[in-house]
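Novice: my questions are about this predicted structure, shown below with the sequence.
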Amino acid sequence: MYKSIAAGSGGSGSSLRVHLVSEQTRRLPDSIRAHAGASEALKRPDFKREPGELVVVDKKLALVGIGPRNGLDTERFRKIGAKLVKALDRLGARKVLLDLESLTERQASETSFGRALSEGAVTANWRMDLFDGAASKQPQPRGKLTLTSTNKNFTNGLRTGITLGDGMNFARKLAATPPNVCTPTYVAQVARSVARQHEDLTCSVITYQQARRLGMGGLENVGKGSASKPCMVVLEWKPAKTVTKERLALVGKTITYDTGGYSLKTGGGMRGMKYDKNGGMAVLGAMKAIAESKLPMRVVALLPAAENMVSSESYRPDDIITMYNGITVEVTNTDAEGRLVLADALSYACRKYKPSAIVDMATLTGGVVVALGSFCSGYWCEDSTLRGRLERAATSSDERIWRLPLWQDHRDFMRSQHADILNSNPRREAHPIQGAAFLSYFVDENVPWAHVDIAGTSSRESGNDMMPPGPTGWGVRLLYDLAGSYVS
Ligand code: BES
Ligand code: ZN
Ligand code: ZN
């Protein structure tokens, strides 16, 4: 494990040159062949040149495989970065110059390949160690790893990838922080400290009392049953230099723990519900990356934070509550709490910030996991321009999304006998869509809006080369690229 990973410029004397070779590479460039043993290393029968596979030639040179030329894409580079960083760690390398001499015809992709490689390296270098106790061995971290390359675009990509990898790890760390520590107040404190680290990024917090006075009945009711009271965290990115008048609003479901409330979850269903804040954490990680890269556009983020608990103060099924925008909601199920806190954040964002577009991200339904698994997130968007931006951002970030329908029929399905709408229709049909249909009542009609349900993608039960089980940081890259689409 390295303490940190940075992108440098220019190779210094003591750096390790890592030459990238594909399965097709037959001959090394002259500068590399000058190293004794380089050509022999290339021909070693055990060197399969699999993505990220490393052979050491000497103290100054190593070769790393990138697999077959065919199908070389950003996802492959992410894997290369993940495996490479572990190999470099074993070697104890501190300064690395990635040599792309054999890849020069791949011009168009240089930046995105560099970005993907360092995203893979930075996320693979992370482990949740906040709660290592007396029974854990404390590994000595290795200090800083500096990555650079022979190609300027690739190096620029490395820099972006590190920012994004750091944003993802930041989101993962908070996601993994347990509910007895990570309360709504704790989230607010962390957001404040992020804002302090970046000029032009400000944080304000709408307290429980203020939320009540503002009429945020969703946030109030979901959170009032907990001793840790709810709040709404607002982060504003207002850079001095902007290249567009458009303003993006991001909203992230931040339920620090979801017991289900009186519609109590079963033991198995409750496990892992610390991850019910992952929408908010993705938004927070994206805001951090946006501020770090000084995106020339205004972005506001809202994190409605609450803990869904059971107590005599808790809201209950059959309650009818009034939301920030005046809509009344009959609560049929206290476990459909995410949409209630999101609703207040969405209508508040529309009224207060008049955004050009608004996107919410939430671990909203188990149904979307049944439908789409962990392969992609489900999303809803009835605005073709925003849809195009999101689809392009999904492609460039390798965070896949799949659109589901949202029709007037779905909206009608949410109507209630005794209030305006139900938070969940007791007829268990189209659950993920019900969530989206409910939320649609809280977004101004003229504001392009998308809802992204990340219940299946934001954490994982089993690990792979790139990521161990646990939180994934899913959404940081998607939101970052979505914001980037307004300024390029
Ligand atoms: N946080 C859950 C959704 C969830 C389930 C996320 C599994 C990750 C894994 C959400 O608040 C919830 O409980 N949704 C209910 C909605 C239902 C009561 C209408 C669900 O999906 O069952
Ligand atoms: Zn729930
Ligand atoms: Zn929930």
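Specialist: Done, it's in. Ligands and ions are numbered 1, 2, ... in the order given.
Novice: break the chain into its domains for me.
Specialist: For the chain, the domain assignment from automatic domain parsing gives the residue ranges 4-128+138-157, 177-484.
Novice: what average pLDDT does the first one get?
Specialist: Here the mean pLDDT over domain 4-128+138-157 is 92, rounded to a whole number.
Novice: from here on, call the first residue 367.
Specialist: In the new count, where the first residue is 367, that last one comes out as domain 370-494+504-523.
Novice: how long is that domain from one end to the other?
Specialist: 17 Å (C-alpha to C-alpha, to the nearest Å).
Novice: got it, and the longest one?
Specialist: The first residue of domain 543-850 is 29 Å away from its last residue (C-alpha to C-alpha).
Novice: contacts only, for residue 501.
Specialist: Going by C-beta atoms under 8 Å, 6 or more residues apart in numbering, residue 501 touches no other residue. Quick note: C-beta positions are derived from backbone N, CA and C, even for glycine.
Novice: any idea how far the residue in the stretch 667-816 of the chain positioned nearest to ligand 2 is from residue 695?
Specialist: Here the stretch 667-816 of the chain gets closest to ligand 2 at one residue, residue 701, 3.8 Å apart by C-beta to the ion. Separation of residue 701 from residue 695 (C-beta to C-beta, to the nearest Å): 14 Å.
Novice: how about residue 503?
Specialist: Counting by C-beta to C-beta, the gap from residue 503 to residue 695 is 51 Å.
Novice: neighbour-wise, which of the two wins?
Specialist: residue 695 (26 against 5; other C-beta atoms under 10 Å).
Novice: which secondary structure element contains the more buried one?
Specialist: strand 694-696 (DSSP states H and E).
Novice: now do that strand: which elements does it pack against?
Specialist: Applying 3 or more C-beta pairs under 8 Å, 6 or more residues apart in numbering; DSSP states H and E, we find strand 694-696 packed against strand 686-688, strand 787-788.
Novice: can you list these in a markdown table and add distance to ligand 1?
Specialist: As requested, the helices and strands packed on strand 694-696 are exported to a markdown table (distance: least, C-beta to the nearest ligand atom, whole Å):
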| stretch | distance to ligand 1 |
| --- | --- |
| strand 686-688 | 16 |
| strand 787-788 | 10 |
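Novice: distance to ligand 3, mean pLDDT and mean neighbour count added to these, as a markdown table?
Specialist: Converted to a markdown table, the helices and strands packed on strand 694-696 look like this (distance: least, C-beta to the ion, whole Å; pLDDT from 0 to 100; neighbours: other C-beta atoms under 10 Å):
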| stretch | distance to ligand 3 | mean pLDDT | mean neighbour count |
| --- | --- | --- | --- |
| strand 686-688 | 17 | 99 | 16 |
| strand 787-788 | 17 | 98 | 21 |
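Novice: and of those, who's closest to residue 775?
Specialist: strand 787-788 (14.2 Å; C-beta to C-beta).
Novice: can you name the next helix or strand after that closest one?
Specialist: Defined by DSSP H and E, the subsequent element after strand 787-788 is helix 797-806.
Novice: following that following helix, which helix or strand shows up next?
Specialist: strand 815-819.
Novice: and that next one, what does it pack onto?
Specialist: strand 723-728, strand 743-747, helix 750-763, helix 797-806.
Novice: what's the angle from the third one to strand 815-819?
Specialist: Which is helix 750-763. Using axes from the mean of the first three to the mean of the last three C-alpha atoms, to 10 degrees, the inter-axis angle of helix 750-763 relative to strand 815-819 is 40 degrees.
Novice: and the residue of the stretch 517-666 of the chain nearest ligand 2?
Specialist: For the stretch 517-666 of the chain, C-beta to the ion, closest residue to ligand 2: residue 624, 4.4 Å.
Novice: so which bits of the protein are right by ligand 2?
Specialist: Within reach of ligand 2 by C-beta under 5 Å from the ion, the chain has these residues: 624, 701, 703.
Novice: list the beta-bridge partners for the first one.
Specialist: Right, the one you point to is residue 624. Per DSSP bridges, the residues bridged to residue 624 are residue 674.
Novice: how many residues are close by it?
Specialist: So residue 624, with other C-beta under 10 Å, has 27 neighbours.
Novice: then residue 647?
Specialist: If we define neighbours as other C-beta under 10 Å, then residue 647 has 33 of them.
Novice: show me where the stretch 367-516 of the chain has its strands.
Specialist: 370-373, 382-387, 420-424, 427-431, 461-465, 510-515 (DSSP state E, counting those that start in this stretch).
Novice: so which of those comes closest to ligand 1?
Specialist: Among those, strand 370-373 comes nearest to ligand 1, with 30.6 Å by C-beta to the nearest ligand atom.
Novice: which strands border that closest one, and is each parallel or antiparallel?
Specialist: strand 510-515 (parallel).
Novice: circling back: how far does the strand holding residue 695 sit from the chain's center?
Specialist: 31 Å (C-alpha atoms, centre = their mean, to the nearest Å).
Novice: ok, and what's touching that strand?
Specialist: 583-584, 684-689, 706, 709, 782-789.
Novice: one more time with 10 Å
Specialist: 583-584, 587, 683-689, 702, 705-706, 709, 780-790, 804, 807 (C-beta atoms under 10 Å, 6 or more residues apart in numbering).
Novice: of these, buried ones?
Specialist: Taking 16 or more other C-beta atoms under 10 Å as the criterion, what is buried in the contacts of strand 694-696 is 583-584, 587, 683, 685, 687-689, 702, 705-706, 709, 780, 782, 785-790, 804, 807.
Novice: contact partners for the residue lying closest to residue 594 once chain neighbours are set aside?
Specialist: Of all residues beyond its chain neighbours, the one nearest residue 594 is residue 549 (3.8 Å), with distances taken as C-beta to C-beta, 6 or more residues apart in numbering. Counting by C-beta under 10 Å, 6+ apart, residue 549 makes contact with 543, 555, 592-597, 622-623, 671-673.
Novice: repeat that with 7 Å
Specialist: 594, 622, 673 (C-beta atoms under 7 Å, 6 or more residues apart in numbering).
Novice: and the first one, backbone torsions?
Specialist: Dihedral angles phi and psi of residue 594 (degrees, to the nearest 10) take the values phi -90, psi 100.
Novice: hang on, it packs against residue 548?
Specialist: No. Assessed by C-beta atoms under 7 Å, residue 594 is found out of contact with residue 548, at 9.6 Å.
Novice: alright, that wraps it up for me.
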